[in-house]
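**Student:** generate coordinates for the sequence data below:
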Amino acid sequence: MTSLQAVPILLSLASALMFAVTFVLVKITGQNVSSLAALCVTLTTNVVTLWGWSLLSAQESISISIEWGYFAIAGIFAPLMGRFFQFQGMAKLGANITTPLTLTHPVVTVLFAVIFLGETLRIEIIVGVLMVLFGSLLLGAQNGNHPKNVSEVSKKYLLFPLAASFTYGVSVVFRKAGIDIGTDAVTAAAVTTTSSWLVLSIYLVAFRPAHALILCHTEFVTLVIAGIFSSIGPVLLYMALQKGHIAIIAPLSATTPFFVLLITFLFMRDNETFSVWIIIGTLFTVLGSSFMAYIGMS
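**Tutor:** Numbers count the residues shown, from 1 in each chain. Take a look at the predicted model:
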């Protein structure tokens, strides 16, 4: 592996780590914080952080260009819908089950990349996809933090991370299409999060769900910190997409479950579900994603 090949891999892994920290911080705020409140605070933090970063680092004036349309569409799928569904899943199922199920999105990304971006689907990639799906099915058979057995209600909750997986997967395809045209990674991330924030703002003005936005000081600060980490994550992802193939970047971005498992085991083991099957499921998800990335480089 050359140093040029290693750069997008390291950027993808660093992005996965940033998102893992984000998800764990959101989980720390507890079930008293609504998904809407978490989404509102983190997205607002994203917009302020990324546009500030973009303006400070810009070598010339920033102007609207055609690729911004791809980034705006990507932002509606994720972070807006993806993060909302994922936060809902985390509240119902816990981080260790929701995160790996959500991060099956490389399967969606690879399939859409084959259809719309002309990527080649090799048999080895299919093997990696099956490994990811097997790990996700193991995790989906677990209970989260609530019932002792998988009830009908808990099965319904599985729709949240699965919907998040779809929206994240589609978003990555639009991001790749846009970043290949041009624009720096920071501005691309800023446009992506801004479209999410605008749609959310319209919803808040139209329906005014003030009761869902109540936060204490500690919860607010925790979500702002989560927003800072989730601002860095997409920048690193865009940088990786600029330098590497989507068939490599998308699977590696799904290694977030490994980092979530590690962080929660070290700091939150009393509040999360840990079992042999959750660990095996997470390993299959990560190994399948890593295998797809390895094949993509060969």
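**Student:** right, and G135 touches L101 too?
**Tutor:** No: the pair G135 / L101 is not scored as a contact, 9.3 Å apart, by CB atoms under 8 Å. Where you see a C-beta, it was placed from the backbone N, CA and C, and this is true even at glycine.
**Student:** could you point out which element follows the helix or strand bottoming out on mean pLDDT in the chain?
**Tutor:** In the chain, no helix or strand scores lower on mean pLDDT, DSSP states H and E than helix 152-157, which sits at a mean of 68. Counting by DSSP states H and E, the next helix or strand C-terminal to helix 152-157 is helix 159-179.
**Student:** for the chain, which segments count as helices?
**Tutor:** Here the chain has its helices, by DSSP state H, at 3-28, 35-57, 67-75, 82-93, 95-102, 105-116, 123-140, 152-157, 159-179, 185-207, 217-243, 246-253, 256-267, 276-297.
**Student:** helices or strands up against the fifth one?
**Tutor:** Under the contact criterion of 3 or more CB pairs under 8 Å, 6 or more residues apart in numbering; DSSP states H and E, the helices and strands touching helix 95-102 comprise helix 3-28, helix 82-93, helix 123-140, helix 159-179, helix 256-267, helix 276-297.
**Student:** so for the fifth one, what gets flagged as buried?
**Tutor:** Meaning helix 256-267. For helix 256-267, the neighbour count (16 or more other CB atoms under 10 Å) marks 256-261, 263-264 as buried.
**Student:** swap in the fourth one?
**Tutor:** Neighbour-count burial for helix 159-179 flags 160-161, 163-179 (criterion: 16+ other CB under 10 Å).
**Student:** name the helices or strands packed onto that helix?
**Tutor:** helix 67-75, helix 82-93, helix 95-102, helix 105-116, helix 185-207, helix 217-243, helix 246-253.
**Student:** about what we covered before: what's the least confident stretch among the helices of the chain?
**Tutor:** Sorting those by mean pLDDT places helix 152-157 lowest, at a mean of 68.
**Student:** M292: how many residues sit nearby?
**Tutor:** 27 (other CB atoms under 10 Å).
**Student:** identify the residues contacting the closest residue to it other than its chain neighbours.
**Tutor:** Setting aside the residues directly before and after it, M292 is nearest to G128 in space (CB to CB, 6 or more residues apart in numbering), at 3.4 Å. Listed by CB atoms under 8 Å, 6 or more residues apart in numbering, the contact set of G128 reads 251, 288-289, 291-292, 295.
**Student:** and which of those is nearest A189?
**Tutor:** P251 (20.4 Å; CB to CB).
**Student:** quick check, that closest one in contact with T104.
**Tutor:** No: in this structure, P251 is not within contact of T104 by CB under 8 Å, at 10.3 Å.
**Student:** shared neighbours, these two?
**Tutor:** With CB under 8 Å, 6+ apart as the test, P251 and T104 both reach V132.
**Student:** so what's the residue count around L200?
**Tutor:** 19.
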